[in-house]
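Novice: what would the 3D arrangement of this be:
(2 chains)
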Amino acid sequence: MSPIAFQTRLARTEVGKGLRLMWRRRSLVVAAAIVYGLTYLGISLFIGGGHLVEDLMVRTLPPMLAVLVASTAAVEGTAGIAEEINGGTLEQTRLSPASPQLQALGRMTALAIEGLAVAIVVGIVFVFGVGLHINPQPAALIPVVLTVLDALGYGLIMTALVVRVASIGAISHVGTMAIMAFGGTLVPITFFPHGMEVFARFIPTSLGVEAINSTLAGHGLGATWADGTLPWLLVHTAVVLTAGFSLYAINMRHAQREGGLRPR
Amino acid sequence: MNTAIALRNEIGKGMRFAWSERLQILIEMPMFAVFVILLGPLLGQGENLASGRVDWSLNSQTTSAMVVWFTPFIFFYMQVVKMFWRLLGEIQAGTLEQVFLSPLPPWLVAAAGRVAAAFLETLFVAAVTYGLVSAFVSIHLYWTPAALLPAFASIIAAVGLSLIIAGATLVYKRIQIVNDGVLMMVMIFSASALPLIHVPGWWADASHAFPLTDGVGSLYNVMIAHRSVTQARGIGGLVPLLTVSTAYLLVGIGTFSVGARVAKNRGTLGRY
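Specialist: Below is the predicted model:
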């Protein structure tokens, strides 16, 4: 078997493992979809003063769906690693010929599928349930893919931190709330005061959501490229993903050296 | 005597855990202030936002109400989220079985180990939130010992909710997303206790079933509206406040005991 085919097989095995684990807790995935849907409904009613403002929801629904993918990646990623450390099985994963990065890729791909599945269901419910006028544009697929990768990079950074400090899992809740606050779920980030808008652009998924909203509004990818959103999104995604994979590999190596792969 | 020693040990253990998580608490600290500052100008502004108008100024009255809303929620967060993660860690490490060697009832071991630490953490985070928010807008609160009653009732309700989630954790293990969602809904529904937005009737009715609503309502009555804490009915009234808090505690104890029994029967207390 060629090295590439071998690595692909290893990655596929990791993804399969992640999906089987997801299937085992499918009732919780359904519960999460319901809870996230109600959360978004609550936020929309807050901002709308007790009623739903459809024109605003058209722009805040994509960020909420991005929060959902990011939250699934971070919360499930950190919980999965903490579970393996506490259960003592993370050590066994190092017996695999797959590198830590490849294993992380497999884990994150499975979490992306889980997050996207929930996001699609929640999105469909709101689009048809509330009657939101969102015109799907094929061009929006590019920022959507980049936003998902950005969210996964963030999830991977949080997961990597847990390898080093197991108790930090609860921080993923803070991260999710920060993405919710500054990523456009409350209000599109272009409405923020200038300083806050600049800060918000560094928050995972916010640039992606801006590009998605712009494309869905019919401005086309050219406009998001020209105003700098798309190039910065590319840079942000690349940096976050690189940081995530590097941090994960470094922390796994450190844990292996210091005996941190087993319960502390 | 033995009970007092065991209880003191659990509280001491909770404090040591809290100290070991001080970095985490520092990171969490500004989150609530940011939410108050950010959400304040946006509440009820949907139509204006849709037409591109937004006024980022903070109103003192609204912000004061939001501080009263968020402070008990900080306690809920500290109690529920951290108890869940700690319990999950013990389940995964297989040390939870040892809890059953204590002379205390298991639910008390789980709750007592967290509640004192959560209280101190909340004092710290709430003080920072108050300081940060008051740097932007003046907060007008009427400080009175009567506020201790809704504060205490909210603590009881939070302990109850944390025990319900802990009981479910003993059976279903990794329920962190549900945990997150439940907290979010507790926060959202408790808003109906404050005159910040006009909520639909179904929302106001449903909010009574959530553990924080009447606590927030009572705190608002006492600390902002200058009403008596003994007012019996309505949101924040003494009757719903005490009924809901006690009910949550009892249901929490029951759920935890059932969850522990199920886990014992399945043999999953010492094996993940």
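
Novice: burial check on A:E197, number of neighbours?
Specialist: Close neighbours of A:E197, defined as other CB atoms under 10 Å in any protein chain shown, add up to 15. The way it works is simple: take the backbone N, C-alpha and C, and place the C-beta from them, glycine included.

Novice: you'd agree it is up against A:I189?
Specialist: Yes - between A:E197 and A:I189 there is a contact under CB atoms under 8 Å: 5.6 Å.

Novice: pLDDT below threshold where in the stretch 1-150 of chain B?
Specialist: B:1 (pLDDT under 70).

Novice: and the helices in the stretch 1-150 of chain B, which stretches?
Specialist: Assigned by DSSP state H, counting those that start in this stretch, the helices in the stretch 1-150 of chain B fall at B:2-20, B:22-39, B:46-50, B:60-93, B:106-134, B:148-172.

Novice: just put those in TSV and tack on mean neighbour count and distance to chain A.
Specialist: Formatted as TSV, the helices of the stretch 1-150 of chain B follow (neighbours: other CB atoms under 10 Å in any protein chain shown; distance: least, CB to the nearest CB, whole Å):
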stretch	mean neighbour count	distance to chain A
helix B:2-20	14	7
helix B:22-39	19	5
helix B:46-50	19	3
helix B:60-93	23	3
helix B:106-134	21	12
helix B:148-172	23	7
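
Novice: of the ones you listed, which approaches A:M180 most closely?
Specialist: helix B:22-39 (9.3 Å; CB to CB).

Novice: centre of the chain to the closest one, how far?
Specialist: 15 Å (CA atoms, centre = their mean, to the nearest Å).

Novice: who's in contact with that helix?
Specialist: Residues outside helix B:22-39 that contact it (CB atoms under 8 Å, 6 or more residues apart in numbering or on different chains) are A:46, A:165, A:167-168, A:170-171, A:174, A:177-178, A:181-182, A:186, B:18, B:58, B:63, B:66-67, B:70, B:73-74, B:121, B:124-126, B:128-129, B:132-133, B:136.

Novice: what number of residues lie near the closest residue to chain A within chain B?
Specialist: Ranked by CB to the nearest CB, the top residue of chain B for proximity to chain A is B:G181, at 2.6 Å. Residue neighbour count, defined by other CB under 10 Å, stands at 21 for B:G181.

Novice: so which strand or helix has it?
Specialist: helix B:176-190 (DSSP states H and E).

Novice: ditto for A:Y154
Specialist: Using DSSP H and E, A:Y154 falls in helix A:141-164.

Novice: report all helices and strands that that helix contacts.
Specialist: helix A:54-71, helix A:77-87, helix A:100-126, helix A:171-182, helix A:206-216, helix A:220-226, helix A:229-258 (3 or more CB pairs under 8 Å, 6 or more residues apart in numbering or on different chains; DSSP states H and E).

Novice: export those helices to a markdown table and tack on distance to B:V239 and mean neighbour count?
Specialist: Shown next, in a markdown table, are these (distance: least, CB to CB, whole Å; neighbours: other CB atoms under 10 Å in any protein chain shown):
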| stretch | distance to B:V239 | mean neighbour count |
| --- | --- | --- |
| helix A:54-71 | 37 | 25 |
| helix A:77-87 | 40 | 23 |
| helix A:100-126 | 37 | 20 |
| helix A:171-182 | 33 | 22 |
| helix A:206-216 | 45 | 27 |
| helix A:220-226 | 56 | 15 |
| helix A:229-258 | 51 | 18 |
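
Novice: what distance do you get for the closest residue to A:G244 other than its chain neighbours to A:V240?
Specialist: In this structure, A:G244 finds its nearest non-sequential neighbour in A:L156, 3.1 Å apart by CB to CB, 6 or more residues apart in numbering or on different chains. According to CB to CB, to the nearest Å, A:L156 stands 8 Å off from A:V240.

Novice: since that was my last question, I'll sign off now.
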